[in-house]
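Novice: have a look at this fold, sequence not included:
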């Protein structure tokens, strides 16, 4: 079964109604992606780092219901002090996203799914990075964004 490391922004967009700078919906594709996990299309990887970022953005309590729905299809990965040090060594300019990359690789993810593909481009040689809408379209889901 395909394993998807879910970036924090996917969870945030799934729990709130969000639009891009052009006024187009960006929440539906995140919700669809996570719904497909609930219906056994793939497993999602949620890291302790993702949960920490949700907490920092005051979104953890809002995401609790969604995380409960995903529980049986979720692989958890814990961030360690060694992971954080490695992230700082590998990319001191973008430690948070480097940490996501390290944790995704450590958990055996097939892809990192994010909306901020540009922030992750320099990690694509380590693990494939896909935008949630593009991933959904790859599997022929009908999502408008």
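Specialist: Okay, I see it. Being a predicted model, the structure only gives us computed values, none of them experimental. Numbers count the residues shown, from 1 in each chain.
Novice: rest of the way, CA atoms for contacts and neighbours
Specialist: OK.
Novice: which residues touch the helix or strand harbouring residue 12?
Specialist: For residue 12, the host element (DSSP states H and E) is helix 8-15. Residues outside helix 8-15 that contact it (CA atoms under 8 Å, 6 or more residues apart in numbering) are 26-28, 30-31, 34, 50-51, 53-54, 59, 62-63, 66, 113-115, 132.
Novice: show me where the protein has helices.
Specialist: Assigned by DSSP state H, the helices in the chain fall at 8-15, 28-38, 48-56, 60-70, 81-90, 95-106, 117-120, 132-138.
Novice: contacts only, for residue 48.
Specialist: Here residue 48 is in contact with 76-79 (criterion: CA under 8 Å, 6+ apart).
Novice: want to throw these into TSV with distance to residue 92?
Specialist: As requested, the contacts of residue 48 are arranged in TSV below (distance: CA to CA, whole Å):
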residue	distance to residue 92
76	25
77	22
78	21
79	17
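Novice: of these, just the buried ones, ChimeraX syntax please.
Specialist: Buried members of the contacts of residue 48, defined by 16 or more other CA atoms under 10 Å, are picked up in ChimeraX with:
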select :77,79
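Novice: taking the contacts of residue 48 together, which two end up most distant?
Specialist: Greatest spacing in the contacts of residue 48, by CA to CA: 76 and 79 (9.9 Å).
Novice: spit out the residues that contact those two alike.
Specialist: In terms of CA under 8 Å, 6+ apart, residue 76 and residue 79 are both contacted by the residues 47-48.
Novice: how about low-confidence regions in this protein?
Specialist: Regions of the chain meeting the criterion pLDDT under 70 cover residues 132-145.
Novice: can you do 80?
Specialist: Where the chain drops to pLDDT under 80, the residues are 17-23, 26, 38-41, 69, 116, 118-125, 132-145.
Novice: okay, now residue 121: neighbour count?
Specialist: If you count neighbours by other CA atoms under 10 Å, residue 121 ends up with 13.
Novice: one more: residue 64?
Specialist: The number of residues packed near residue 64 is 12, by other CA under 10 Å.
Novice: how about the one 5 residues further on?
Specialist: By the criterion of other CA under 10 Å, residue 69 has 14 neighbours.
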